[in-house]
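Novice: Following is a predicted model, sequence given first.
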Amino acid sequence: MPETLKLTAKAAQIEHWNAVAGTTWVQFHELPDRQIDALVAAIDALEPTEGEQVLDIGCGCCQTSLALADRVGSTGSVVGV
């Protein structure tokens with residue numbers, strides 16, 4: 001794929017999220033937040049401890065990533081995607 005096409009596609013995604021998708025996500029964040037609340041039980045079952053590294057896939061508005069970060073502390077790390 002030509003570099004200009006890659007940049008154009010990336011620019012289009014940035015514009016979409018800045019203009020439409022991001023605003024909509026924020027406006028309706030309570031529904032996905034409630035759906036993700038069920039994952040707190042999974043976090044409890046996972047029992048993350050101080051110093052661990054965690055990859056949080058599908059983290060929504062990052063509440064699960066933040067909860068995990070509290071568990072792994074400053075010596076651990078969490079990456080949310």
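Specialist: Sure thing, it's come through.
Novice: End to end on stretch 29-42, go ahead and measure it.
Specialist: The straight-line separation of the ends of stretch 29-42 (C-alpha to C-alpha, to the nearest Å) is 21 Å.
Novice: Show me how far that stretch is from its chain's centre.
Specialist: 12 Å (C-alpha atoms, centre = their mean, to the nearest Å).
Novice: Check stretch 60-76 too.
Specialist: Computed by C-alpha atoms, centre = their mean, the chain-centroid distance of stretch 60-76 equals 10 Å.
Novice: residues in contact with that stretch?
Specialist: 25, 29, 32-33, 35-37, 39-40, 43, 48-54, 56, 59, 78-80 (C-beta atoms under 8 Å, 6 or more residues apart in numbering). C-beta: built from backbone N, CA, C; applies to glycine.
Novice: In strands only, show me those residues.
Specialist: Judged by DSSP state E, the subset of these located in strands is 53-54, 56, 78-80.
Novice: which residues touch the most centrally placed residue in the chain?
Specialist: Nearest residue to the geometric centre of the chain (C-alpha atoms, centre = their mean): residue 59, 3.4 Å. Residues near residue 59 by C-beta under 8 Å, 6+ apart: 36, 65, 80-81.
Novice: Out of the residues you listed, which comes closest to residue 10?
Specialist: Nearest to residue 10 out of the contacts of residue 59 is residue 81 (C-beta to C-beta; 16.7 Å).
Novice: about what we covered before: just the buried residues from the ones in strands among the contacts of stretch 60-76, in ChimeraX please.
Specialist: With 16 or more other C-beta atoms under 10 Å as the criterion, this ChimeraX line picks the buried residues out of those:
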select :54,56,78,80
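Novice: is it possible to export the ones in strands among the contacts of stretch 60-76 to TSV including distance to residue 20 and pLDDT?
Specialist: What follows is those, written out as TSV (distance: C-beta to C-beta, whole Å; pLDDT from 0 to 100):
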residue	distance to residue 20	pLDDT
53	34	97
54	31	96
56	25	93
78	28	97
79	26	96
80	22	93
